[in-house]
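# structure for the following, please:
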Amino acid sequence: MEPAATPRPTERLQRRVVPYWLVADGFSALLLSGLAWYLGRPLLAKYWDGWSDAWEHVLLGACLGLVALAVLTPPLAYARWRFGFLGDLLLLRYGILFVEERAVPVRRMQHVDLVRGPLERLFGLATLVVFTAGNEGSAFRVPGLALAQAQELRDHIVEARGDRRP
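Purely as a prediction, here's the structure:
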């Protein structure tokens, strides 16, 4: 007889996490691609005897591929991200090619933080960071939450642990 499967989480991240990820990842991809194209290409052409037009096309393809990934991955990541509570377990499911499912018992959670960088505040988002006992995956993040939702999750974890709020 097979053991019953753990139910999958059903709550989703805020939809506005997609444009947030597009801006953050897009900026990083454009910056890195720009540096590679405008600084790396001339240096490679000057100091590498094997540099040719073919390598220039490879570099251009890599830069365009990096920008394309920054545009394509946020909607795919959003479509996969799920979280939720089942009793004293925080369930997480995320990933694009490699889907990871985690069931973290509240009793293993050491402390919980809310993180809101300037760009997250601009989009009205927060990230819940949970630190757990143990080595593998001793901290994990739940990004793309509305501030009230992140505070509610944090309070739920604190209450489930039996800790008092200051």
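
# in what helix or strand does the residue positioned nearest the centre of the chain lie?
Central residue of the chain (CA atoms, centre = their mean): Pro143, 6.2 Å from the mean position. Take DSSP states H and E as the rule and Pro143 turns out to sit in strand 139-146.

# list the buried ones in the next helix or strand after that strand?
Downstream of strand 139-146, the first helix or strand assigned by DSSP H and E is helix 147-161. For helix 147-161, burial by neighbour count (16 or more other CB atoms under 10 Å) applies to 149-150, 153-154, 157-158, 160-161. Where you see a C-beta, it was placed from the backbone N, CA and C, and this is true even at glycine.

# ok, now stretch 105-116?
106, 109, 112, 116.

# show me where this structure has strands.
Assigned by DSSP state E, the strands in the chain fall at 82-86, 89-94, 100-105, 109-115, 125-132, 139-146.

# got CSV for these, with distance to Leu66 and mean pLDDT too?
Shown next, in CSV, are those (distance: least, CB to CB, whole Å; pLDDT from 0 to 100):
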stretch, distance to Leu66, mean pLDDT
strand 82-86, 27, 91
strand 89-94, 22, 92
strand 100-105, 23, 89
strand 109-115, 26, 90
strand 125-132, 24, 92
strand 139-146, 21, 92
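
# so which of the ones you listed gets nearest Ala45?
strand 139-146 (39.8 Å; CB to CB).

# quick one: distance of that closest one to the chain centre.
8 Å (CA atoms, centre = their mean, to the nearest Å).

# now do the buried residues in that strand.
140, 142-145.

# walk me through the domains of this protein.
Annotated domains of the chain cover 17-78, 83-161 [automatic domain parsing].

# quick one: closest of those domains to Pro9.
Across the domains of the chain, closest to Pro9 is domain 83-161 (CB to CB), at 3.6 Å.

# how much space between the most far-flung residue of the chain relative to its centre and Arg107?
The centre of the chain is farthest from one residue, Asp49, which by CA atoms, centre = their mean lies 40.2 Å away. Counting by CB to CB, to the nearest Å, the gap from Asp49 to Arg107 is 62 Å.
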